[in-house]
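Q: With the input below, show me the fold.
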Amino acid sequence: MFKIILIAVAVILVTIGLVWLIDKFIPSKMKPVLTIVLWALIIFLGYQTFMSVYEPIQFNKVKDKRYALVIDKLIDIRDAQLAHQQVTGKFAPNFDNLVKFLDTAKYTITQRRDSTVIDEELTKRYGGVETTKEITIIDTLGFKSVKDSLFKNSDRFRTMMNVPNTDTQFEMKAGLLEQNDLKIPVFEASVKKAVILSDQDKDLIAQENEVVSVDGVNGDALRVGSMTEVKTNGNWPKTYGDSE
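A: Predicted structure coming up:
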C-alpha cells in the first residue's frame, strides 16, 4: 500500500509540473482545456491516494469490532463445551445437544477429606495388631446448575450459535482424537472471516485471510478448539480477549 501511495504522489507531482509547463509553453487557446483536464486528473489521483489510506483504516475498525463480538460468542461456546465434557466425559456434537445440556445439567458439589481407618487385611496379617491406613473420603454436598454457574441470569447461551451481524451459525464439530493409544475428546467451533466481513471490500478481505502475525488472527477463520490437536483455546491474540 505504501508503494501505491508513493506512486500516486509522484504522478500528482508530475501532473502539477505538466500544468506549469503548459502554462509556459502551450498556446493560449489550448491552455484552458488542458489545464482543466490535468487538474481533474490531480483531484482524481488525490482522492485515490486518500481512499487507499482511509479504506484500510475503516476496514480495520469494522473488523476489530466484529471480531470482538464473534470472540465473545466463541468463548461462551468453549465454556459450555468444557462444562459438557466435565459432566459427561465428551463434547457435544451439535448446538441442539449443547443447549439441552445447559438447560438441565448440574454440577455435583463435593468435599474431599482425609480419614484414618483400620486396615483389616494388615491387622489380620500382623496377628490382630491393629493397623490403620489413610483414605480420602468424598462427600456430596449438593448440586448446582451448570447454566447458572456459567451464565448467571443470562440466557445468551440460547443464541451462542449465531454469528453476530449475520444470518449464519458457527460450524461446530466434536469427536475423538487418538493420541498415544488414547482416544481424547476434542471439539472445534469456527466461522470464516469472509462471513464476518461479507459486506466489506473483497481485496481487503483477501488480504486479511493471508494474515500471519502475532497481533492478528492468522488464517481465514476465527476458531476455538481443534479437531487435529488437543486444545481448547482460540486462534486470536490476547489483544482481542481471553483465548484460553
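Q: Wasn't residue 175 part of a strand?
A: Yes: assessed with DSSP: H, G, I helix; E, B strand; the rest coil, residue 175 lies in a strand.
Q: Pull the contacting residues for it.
A: 93, 185-187, 227 (C-beta atoms under 8 Å, 6 or more residues apart in numbering). Yep, even glycine has a C-beta here, placed from its N, CA and C like the rest.
Q: In strands, which of those fall?
A: Residues from the contacts of residue 175 lying in strands, with DSSP state E as the criterion: 185-187.
Q: Residue 133: which of the residues you listed is nearest?
A: residue 185 (34.7 Å; C-beta to C-beta).
Q: Tell me how many other residues crowd that closest one.
A: 16 (other C-beta atoms under 10 Å).
Q: Quick check: it touching residue 93?
A: No: look at residue 185 against residue 93 with C-beta atoms under 8 Å: they stay out of range, at 10.7 Å.
Q: Give the residues shared as contacts by those two.
A: 174-175.
Q: rewinding a little: using CSV, lay out the ones in strands among the contacts of residue 175 together with distance to residue 211 and pLDDT.
A: Formatted as CSV, the ones in strands among the contacts of residue 175 follow (distance: C-beta to C-beta, whole Å; pLDDT from 0 to 100):
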residue, distance to residue 211, pLDDT
185, 30, 96
186, 25, 97
187, 24, 97
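Q: mind putting these in CSV, distance to residue 236 included?
A: Output for the ones in strands among the contacts of residue 175, formatted as CSV (distance: C-beta to C-beta, whole Å):
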residue, distance to residue 236
185, 23
186, 19
187, 17
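Q: nearest to residue 41, of those?
A: The closest of those, once distances to residue 41 are taken by C-beta to C-beta, is residue 187, at 56.7 Å.
Q: re earlier: now, among the contacts of residue 175, which is nearest to residue 81?
A: The closest of the contacts of residue 175 to residue 81 turns out to be residue 187 (C-beta to C-beta; 5.2 Å).
Q: ok, the closest one - how many residues close by?
A: 24.
Q: ok, it touching residue 172?
A: Yes: with contact defined as C-beta under 8 Å, residue 187 and residue 172 form a contacting pair (6.9 Å).
Q: For residue 191, give the beta-bridge partners.
A: With DSSP bridges as the criterion, residue 191 is bridged to residue 222.
Q: Tell me, how many residues neighbour it?
A: So residue 191, with other C-beta under 10 Å, has 20 neighbours.
Q: so who does it touch?
A: By C-beta under 8 Å, 6+ apart, residue 191 lies in contact with 70, 163, 168, 170-171, 221-223.
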